[in-house]
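> pasting the sequence and the predicted coordinates here, then a few questions.
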Amino acid sequence: MPTVQNLPPDFFGDSAESYALLEDLFCRVWAAPIRPLLLLHLQKPSLPVRMLSGVTALPPADITSAYRVLREDATMRQLIESPFYPRRMLYQLGRQVVTDLLNDPEYALRLMSGQPVSARILEIHATRDTCNFKCKMCLCSSKYTFPYVQRNQYMGLMCSADWRSLIEDACRSGTHTIVFSGGGEPLLNPELFDIIGHAHSLGLKTHLYTNGSGLLALNDAKIDELLKMARVRISMHATDPRVYQRIVGIPVEKHVFERVCEGIQVIIKEKNTRGATIEIGIGFVIQPLNHSEINRVAVFAAELGVDFCDFRRDELEVARKLSDAETVAMRSQLQMVRRDFIAGRYASVRLTLSDALIAAANGVILSDGPELKCFNYIHRPVVDPYGVAVPCDMQAGERFQRATQILGNVRSATIAKLYV
C-alpha cells in the first residue's frame, strides 16, 4: 500500500509538518486505491487526467472526483502553499489559469472553440533596447554579440503608437494584465509612462520590472502613474555596494546602489502617503557573485519595508554555473532564510523561492537548464522592442532565441492571430 515514504527522498526536506499533513490526508480523506494518485499528483501536478489514468489504472471520473476533493480540502491547500513544497509555483500557476477561466466563461468559450484570443498576461519590452547596466546574468546581455544598432537597421524599434495599438489589440482579445519589462531598461524610454497610462485608461492591470536606477528622476506625474500599477519589482542583487557594482558593471564611485535604494524608499513613502495599493518589491537572482548574500538580502528587504522579495536562480546560467561548494553554501542560506521567514523574522515581507530553490533547500540536486518544462508560455508570451513575439521571456533575448520559437511580428498580425 502506498505511503508517505513512497515520495522521493527529501521531497519536503526536513519539514515534519508537511509529512504530517500528508499523513492526515491519507488517513482522513484518501482510500487506499486513490493514494497513488495523490502522490503522483503532488510530484507532477501538470500530468493530465488521461495520463494519470493510464499510470494509476483509475477511471477518469474517479480522478476528476479526487481533484474536487483536492481543490476544497484545507489541509491540501496548506500543503501545496508550504515553502517546503517544490512544485509550489507550478501549482499556483495552474490554479491561477483555471480560476481565471472559470471567472471569465466568455473567454474560456472563445478559447475552446478555437477563436483567436490573446494571452491573459502579456509581457512587453517597451524599451529603447538599451540599458545603463551590464548585469552578468541578464538574458538580454548579448548586445556585444548582436549590436542593437544592427538589429535596429533591419527591424526597427516599436514606437509609442505601435505599443498603444498592440495594447488596444491585446485588450480586445482578452488580455487583462500588461507586464512592462526589458529587453533593456524600461525607465530609459521617455515615452514609457504615456504607454503605461494608455494601458490604465483601458482598465488593464500593469506591472513594472526595473533596475530602479531611474526612480529618483521620476516627476510627480510619472509617480502618479506608477502608483496606479498593481506591482513594481526592482532588481536588487546584492546588499554590498561592491558586489552590486561587480554584478551590474557600474563603477562603485557612481553610487548607483545608493541611488537605487533611495529611489525605492521614495516610492514606498509616496505609496504610504497616498494610500496606494501597489505592491513594491525586489528581485534577487542567485549567481556566483552573490550566492552568499541570500540571508542579507532578506534582512535588507525587511529594513527597506518592501512588500515582497522574489528569489530566483540564474535559470539559463548566463553568468556561470555555481560550483559544488557554492551550491552547498546557497542551500544552507536558503534553509536559513526559509526558517527565519516561517518564524516571522522578516516583518511583513513576503518571501518567495522558485520551485528549483525550494527543491535545493530540501536537499535535492539542481538539474542543468530550466527547472521544469515551461508552462507559462500559454499564459504570458513576450513582445520584444522590435515587435517580435515569442512564447516567454527566456526566448526574448536574441542570444537564446530560435527561429522556430518566433510567433511573428505584432506589426504584421494581431497578437491573437500570432498566439493561435
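Thanks, I have it.
> could you report the neighbour count for the residue nearest to residue 216 when sequence neighbours are not counted?
Among residues not flanking residue 216 along the chain, residue 263 sits closest, at 4.5 Å (C-beta to C-beta, 6 or more residues apart in numbering). The C-beta positions use only the backbone N, C-alpha and C, and glycine is treated the same way. By the measure other C-beta atoms under 10 Å, the count of residues near residue 263 is 20.
> contact partners for residue 263?
212, 213, 214, 215, 216, 234 (C-beta atoms under 8 Å, 6 or more residues apart in numbering).
> wait, is residue 79 part of a strand?
No: per DSSP: H, G, I helix; E, B strand; the rest coil, residue 79 lies outside any strand segment and is helix.
> residue ranges with poor pLDDT in the stretch 51-200 of the chain?
Applying pLDDT under 70 to the stretch 51-200 of the chain flags the ranges 139-155.
> how does it look with 80?
For the stretch 51-200 of the chain, the stretches with pLDDT under 80 are 136-155, 183.
> buried subset of the contacts of residue 263?
The neighbour-count criterion (16 or more other C-beta atoms under 10 Å) marks 212, 213, 214, 215, 234 among the contacts of residue 263 as buried.
> residue 251: which of these is nearest?
Of all those, residue 213 has the smallest distance to residue 251: 13.6 Å, by C-beta to C-beta.
> how close does the closest one sit to residue 250?
9 Å (C-beta to C-beta, to the nearest Å).
> can you name the two of the buried ones among the contacts of residue 263 that are farthest apart?
214 and 234 (10.5 Å).
> find the nearest non-adjacent residue to residue 300, please.
In this structure, residue 300 finds its nearest non-sequential neighbour in residue 239, 4.6 Å apart by C-beta to C-beta, 6+ apart.
> same thing with residue 21?
Counting by C-beta to C-beta, 6+ apart, residue 21 lies nearest to residue 79, which is 4.7 Å off, once chain neighbours are set aside.
> check contacts around that neighbour.
Residues near residue 79 by C-beta under 8 Å, 6+ apart: 18, 21, 22, 25, 42, 85.
> quickly find the element holding the third one.
In other words, residue 22. Assigned by DSSP states H and E, residue 22 falls within helix 16-28.
> would you mark the buried spots in that helix?
Judged by neighbour count using 16+ other C-beta under 10 Å, the buried positions of helix 16-28 are 18, 19, 21, 22, 25, 26.
> just the buried ones among the contacts of residue 263 now: which is nearest residue 186?
Taking C-beta to C-beta as the measure, residue 186 lies nearest residue 214 of the buried ones among the contacts of residue 263, at 8.5 Å.
> where does the stretch 251-400 of the chain dip in pLDDT?
Where the stretch 251-400 of the chain drops to pLDDT under 80, the residues are 314-320, 365-379, 392-400.
> what about the helices in it?
Residue ranges of the helices in the stretch 251-400 of the chain, as given by DSSP state H, counting those that start in this stretch, are 256-274, 294-304, 324-342, 355-362.
> can I get those helices in a markdown table including distance to residue 288?
Shown next, in a markdown table, are these (distance: least, C-beta to C-beta, whole Å):
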| stretch | distance to residue 288 |
| --- | --- |
| helix 256-274 | 19 |
| helix 294-304 | 13 |
| helix 324-342 | 6 |
| helix 355-362 | 15 |
